[in-house]
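*Asks:* Sequence and predicted model, in that order:
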Amino acid sequence: MAGRSSGPTSTGRRPHPTHPLAERMRPRTLDEVFGQDHLLGPGAPLRVLLEAGSIPSMVFWGPPGVGKTTLARLIAQHSDAQFLTLSAVLAGVKDIREAMAAAQAELRGLTPRRTLLFIDEIHRFNKGQQDALLPFVEDGTVVLVGATTENPSFELNAALLSRLRVFVLRALDEPAILDLLRRALADAERGLGTGQEAIPESWLRRIAEAADGDARRSLILLETAVELSRAEASRDDALLERLIGRGFRRFDKQGENFYDQISALHKSVRGSDPDGALYWLARMLDGGADPGYLMRRVTRMAVEDVGLADLRAQGLCLEAWDTYERLGSPEGELAIAQAVVYLAVAPKSNAVYTAYNAARAVVEQTGSLEVPLHIRNAPTRMMKDLGYGEGYRYDHDEAGGHAAGQQYLPDRLRGTEFYQPVRRGFEIKIAEKLEQLRAAKKGSGS
C-alpha cells in the first residue's frame with residue numbers, strides 16, 4: 001500500500017522522545033542535510049533546480065544511510081507537494097494504480113497540488129512494474145523520485161531511466177559524521193541534549209570510523225554508546241569496542257561495490273602496486289567474497305596481464321588455489337595473498353592476450369579460409385593424389401629445427417603477424433628468438 005503524508009508537515013512535525021535518535025535527528029530543511037554539498041550547496045545542480053521551482057523526476061543512487069528518503073521528503077516540503085511513498089519490496093501494480101489515482105485526485109482538488117511519489121529500492125521493481133509508471137511520469141501526474149543502492153543503468157529499464165535525472169548521493173566522510181554526532185549530543189529538543197561530556201571525544205571518532213559513511217548507523221551507535229556508558233558507569237574503550245564489534249564495511253556480493261572492488265584489485269595488480277592489491281584483496285575477503293571466485297580472477301590476471309613475461313605466474317596461481325582449497329580460511333587466504341603480491345611485482349605482458357584477440361577478429365572477418373595444401377593431413381591415397389601434404393617440410397629435419405619460409409597461414413593472410421612480444425621479463429628472450437625466426441622466413445622469400 002502507498003504511504004501518504006500531507007507535504008509540508010511531514011518533516012516539520014515535532015519528533016516524539018521515544019523515537020530512535022536517527023529518526024529524531026532527520027534534517028528538517030535542505031540546509032540541515034549533511035554531506036551532499038555537491039548536490040545541495042550553492043550553485044549545485046539539485047539546489048539550482050529546486051530554487052527555480054523545477055522538480056524533475058529523478059532517482060537517488062547511493063549507499064544506505066545517506067539520506068535518500070529524507071531528501072525526497074524535503075523536496076516535497078520545499079515544493080508544497082503531496083508526498084506518497086511506495087516500497088518496491090512490497091508494492092505491486094495495484095498499489096501503483098492506487099497511488100496514481102490519489103495523485104490525479106490531488107490535481108483535481110480545490111487547491112491543486114503536485115504529487116511526489118517516492119519509491120524506495122526502486123531497483124526491485126520488475127520491468128512490468130517499471131513500465132506501469134511510464135505514462136504517469138510522462139504526463140506529469142507525479143514527480144517520481146526513486147531511491148536505489150544499485151547502479152540505475154543496470155537495474156532500471158531504458159524507457160524509465162531516460163525519463164529520470166540521476167543524482168548520486170555520497171557516503172558521509174568522517175568529519176561530516178562527527179559534526180552530526182556532536183549536533184545530536186548538543187540538541188536538547190531532538191537529540192540527546194547531554195553535550196559532549198556524555199562520552200569521550202575518542203569514542204566519537206571511533207563511532208564515526210565504524211559507521212563507514214552511514215549516518216543512520218552512526219546515530220544508532222551513538223545512542224547505544226551513551227546508554228551503555230550510563231548503565232555500566234564506564235568510559236573504558238573496551239566497552240565501546242564490544243558495542244562496535246567487527247564493524248561494518250560496504251560490500252555486496254552481487255552489486256556495484258563488488259564489481260568496483262574486483263576492478264580495483266585487478267587494476268592494482270596490472271599497475272604493479274602490491275599494496276593496493278593487498279588492500280582490495282583484504283576488503284573483498286572481509287566483505288565475504290568467495291575465495292574460489294577471487295582465485296579464478298587472480299589466475300585470469302596471470303594469464304591476461306603477466307602472460308609469457310613470467311612463466312611461473314600462472315602455475316603459482318594454480319598452486320595457491322589448490323593450497324587454499326586444502327587449508328581453507330583463514331590460513332589459506334595467505335596463499336591467495338602471496339599469489340596477488342607475486343603477480344603485482346611480476347613483469348607484465350598482454351602480448352598473447354592482444355594477439356589472440358586479433359586472431360579471433362580476423363577469423364570473424366575472413367570466414368572459412370582454406371588450409372594450405374602442403375600442411376593438410378594426407379592419410380589416404382586419394383588425398384595424396386589431390387596434393388594434400390605435397391611439399392611439406394618436416395621441421396625437425398631442417399637446420400635449426402624449423403623449415404625457414406614454410407607457410408602456415410592461409411594464402412590470404414600470408415605475412416600477418418599477430419604476436420608482438422614486449423621487452424619485459426622472459427618475453428625479451430622470446431622476442432629475440434621470434435625476430436630470428438621471422439627474419440629467416442623473410443630471407444627465404446616467403
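*Replies:* Yes, it's here. Numbering: from 1, shown residues only.
*Asks:* quick one: least confident helix or strand in the protein?
*Replies:* Taking mean pLDDT, DSSP states H and E as the measure, the chain has helix 8-12 as its least confident helix or strand, at a mean of 38.
*Asks:* Name the residues of the next helix or strand after it that are buried.
*Replies:* If you walk from helix 8-12 toward the C-terminus, the next helix or strand you reach (DSSP states H and E) is helix 21-24. The neighbour-count criterion (16 or more other C-beta atoms under 10 Å) identifies Leu21, Ala22, Arg24 as the buried residues of helix 21-24. Using the backbone N, CA and C atoms, a C-beta is placed for each residue, glycine as well.
*Asks:* what's the nearest residue to the second one if we skip its chain neighbours?
*Replies:* In this case it means Ala22. By the measure of C-beta to C-beta, 6 or more residues apart in numbering, the closest residue to Ala22 outside its immediate chain neighbours is Leu219, 4.1 Å from it.
*Asks:* Report all helices and strands that the host helix or strand of that neighbour contacts.
*Replies:* Take DSSP H and E as the rule and Leu219 turns out to sit in helix 215-232. Judged by 3 or more C-beta pairs under 8 Å, 6 or more residues apart in numbering; DSSP states H and E, the packing partners of helix 215-232 are helix 21-24, helix 174-186, helix 201-211, helix 237-244.
*Asks:* the strands in this protein, which residues?
*Replies:* Using DSSP state E, the strands of the chain run over residues 3-5, 58-61, 82-87, 115-120, 143-148, 165-168.
*Asks:* Let's test this: mean pLDDT of the shortest one, rounded?
*Replies:* Here strand 3-5 scores 51 as its mean pLDDT.
*Asks:* do the fifth one as well
*Replies:* Mean pLDDT, taken over the full extent of strand 143-148, equals 94.
*Asks:* ok, Glu106 - contacts?
*Replies:* For Glu106, the contact set (C-beta atoms under 8 Å, 6 or more residues apart in numbering) comprises Gln82, Pro112, Arg113, Arg114, Thr115.
*Asks:* How is this structure divided into domains?
*Replies:* 3-168, 174-244, 256-345, 372-443 (automatic domain parsing).
*Asks:* Relative to the whole chain's centre, how far out is the last one?
*Replies:* It refers to domain 372-443. Put simply, domain 372-443 sits 46 Å off its chain's centre (C-alpha atoms, centre = their mean, to the nearest Å).
*Asks:* re earlier: what's the closest of the buried residues of helix 21-24 to Leu71?
*Replies:* Distances from the buried residues of helix 21-24 to Leu71 were compared by C-beta to C-beta; the smallest belongs to Ala22, at 15.0 Å.
*Asks:* From Arg73, how far off is that closest one?
*Replies:* 14 Å (C-beta to C-beta, to the nearest Å).
*Asks:* if we can go back for a sec, including pLDDT, could the buried residues of helix 21-24 go into JSON lines?
*Replies:* Conversion of those to JSON lines gives the following (pLDDT from 0 to 100):
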{"residue": "Leu21", "pLDDT": "89"}
{"residue": "Ala22", "pLDDT": "87"}
{"residue": "Arg24", "pLDDT": "90"}
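*Asks:* Quick check: buried residues in stretch 283-303?
*Replies:* Under the neighbour-count rule (16+ other C-beta under 10 Å), stretch 283-303 has 283-285, 287, 289, 291, 294-295, 297-299, 301-302 buried.
*Asks:* I'd like these written out as a markdown table, with pLDDT and distance to Pro372 added.
*Replies:* As requested, the buried residues of stretch 283-303 are arranged in a markdown table below (pLDDT from 0 to 100; distance: C-beta to C-beta, whole Å):
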| residue | pLDDT | distance to Pro372 |
| --- | --- | --- |
| Arg283 | 90 | 53 |
| Met284 | 90 | 49 |
| Leu285 | 90 | 52 |
| Gly287 | 80 | 54 |
| Ala289 | 85 | 49 |
| Pro291 | 91 | 48 |
| Leu294 | 93 | 44 |
| Met295 | 95 | 42 |
| Arg297 | 94 | 39 |
| Val298 | 96 | 40 |
| Thr299 | 96 | 36 |
| Met301 | 96 | 37 |
| Ala302 | 96 | 34 |
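*Asks:* In TSV, list those along with distance to Leu240.
*Replies:* Supplementary listing: the buried residues of stretch 283-303 in TSV, determined by distance: C-beta to C-beta, whole Å:
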residue	distance to Leu240
Arg283	23
Met284	27
Leu285	25
Gly287	23
Ala289	28
Pro291	31
Leu294	32
Met295	37
Arg297	37
Val298	37
Thr299	42
Met301	40
Ala302	43
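*Asks:* If we only consider those, which is nearest to His78?
*Replies:* Distances from the buried residues of stretch 283-303 to His78 were compared by C-beta to C-beta; the smallest belongs to Gly287, at 37.1 Å.
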